[in-house]
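J.: After the sequence you'll find the predicted model.
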Amino acid sequence: MDEKLLIVDDEEGIRYSLGEYFTRQGYQVSLAEDGAKALEKIRNDQPRVIILDVQLPSMDGLELCNKVRHEAGESIGIIMISGVRRETIDKVVGLELGADVYLTKPFEIAELSAQVKALMRRLRTQSQPGSAGWDYEDEYLHIDFKKRLVEAAGKEVHLTKLEFELLKYLVEHQGIPISRSDLVDNVWGYEAGGDINDGAVNTAIAKLRNKIEQDPANPRHIQSVHGVGYCFKKP
């Protein structure tokens with residue numbers, strides 16, 4: 001398999017048991033007990049996937065996730081894990097910062113392993129050479145759902161998982177006005193519905209527009225629909 005995996009957890013028992021398990025699965029595993037050491041290993045070793053605990057000393061998992069996304073874009077998969085069953089706001093924040101998966105302890109090791117395999121497979125597909133089969137394209141914007149690839153004006157655009165899922169949902173319902181509540185239910189998920197208000201949806205749309213629109217102040221693709229929400233249109 002020979003894929004690089006970094007496990008970041010300040011609990012030594014969990015860190016080493018996960019390390020031994022994934023080593024037996026054929027991964028090249030490295031370990032870190034805090035955010036600062038993890039960031040150093042990410043920069044030096046360039047792992048394909050990171051299993052990242054939220055509660056860490058020196059730099060917590062949310063801050064580290066944010067740094068990784070700013071430095072490496074979507075080239076690294078991030079699975080965030082939390083030992084605290086708090087309100088879903090932590091999960092929402094983690095996904096908005098760019099985590100691909102968010103799990104709460106205790107979890108089944110088989111579930112974690114399946115998530116790692118799925119992320120590895122997706123990232124391998126994204127990195128394979130060859131022309132993309134665009135699911136949406138116009139003279140400015142190109143989107144490939146399978147490879148999770150977005151290009152604007154010929155340049156690749158790095159979206160967080162949440163931003164990509166938001167764009168994908170709007171594109172799949174092209175020409176149809178979508179309410180904010182529908183976006184919350186279908187992109188954030190029903191379990192997060194109580195923690196997501198209209199302002200959070202508007203903020204997410206604004207961030208997405210800043211990345212894909214030629215003129216975010218006068219968007220041509222993601223248009224506002226007064227009294228409803230948003231609609232994706234082909235210019």
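T.: Cool, got the structure.

J.: which phi and psi does residue 81 have?
T.: Phi and psi for residue 81, reported as degrees, to the nearest 10, are phi -130, psi 150.

J.: What about the closest residue to it other than its chain neighbours, how many residues nearby?
T.: Leaving out its chain neighbours, the residue that sits closest to residue 81 by CB to CB, 6 or more residues apart in numbering is residue 103, at 4.9 Å. Bear in mind the C-beta positions are built from the backbone N, C-alpha and C, glycine included. By the other CB atoms under 10 Å criterion, the neighbourhood of residue 103 contains 17 residues.

J.: do the same with residue 114
T.: Neighbours of residue 114 (other CB under 10 Å): 11.

J.: Tell me if I am right that it is in a strand.
T.: No. Judged by DSSP: H, G, I helix; E, B strand; the rest coil, residue 114 forms no part of a strand; its state is helix.

J.: Okay, it and residue 81: tell me how far apart.
T.: Noted for residue 114: a distance of 14 Å to residue 81, by CB to CB, to the nearest Å.

J.: Also residue 221?
T.: Distance from residue 221 to residue 81, by CB to CB: 35 Å.

J.: Show the pLDDT at residue 49.
T.: As predicted, residue 49 sits at a pLDDT of 96.

J.: Now do the helix or strand harbouring the residue nearest to residue 81: distance to the chain's middle.
T.: Residue 103 is part of strand 101-104 when elements are defined by DSSP states H and E. Here the centre of strand 101-104 is set off from its chain's centre by 12 Å, with CA atoms, centre = their mean, to the nearest Å.

J.: Identify the residues contacting it?
T.: In this structure, residues lying in contact with strand 101-104 by CB atoms under 8 Å, 6 or more residues apart in numbering are 78-83, 85, 91, 94-95, 111-112, 115, 119.
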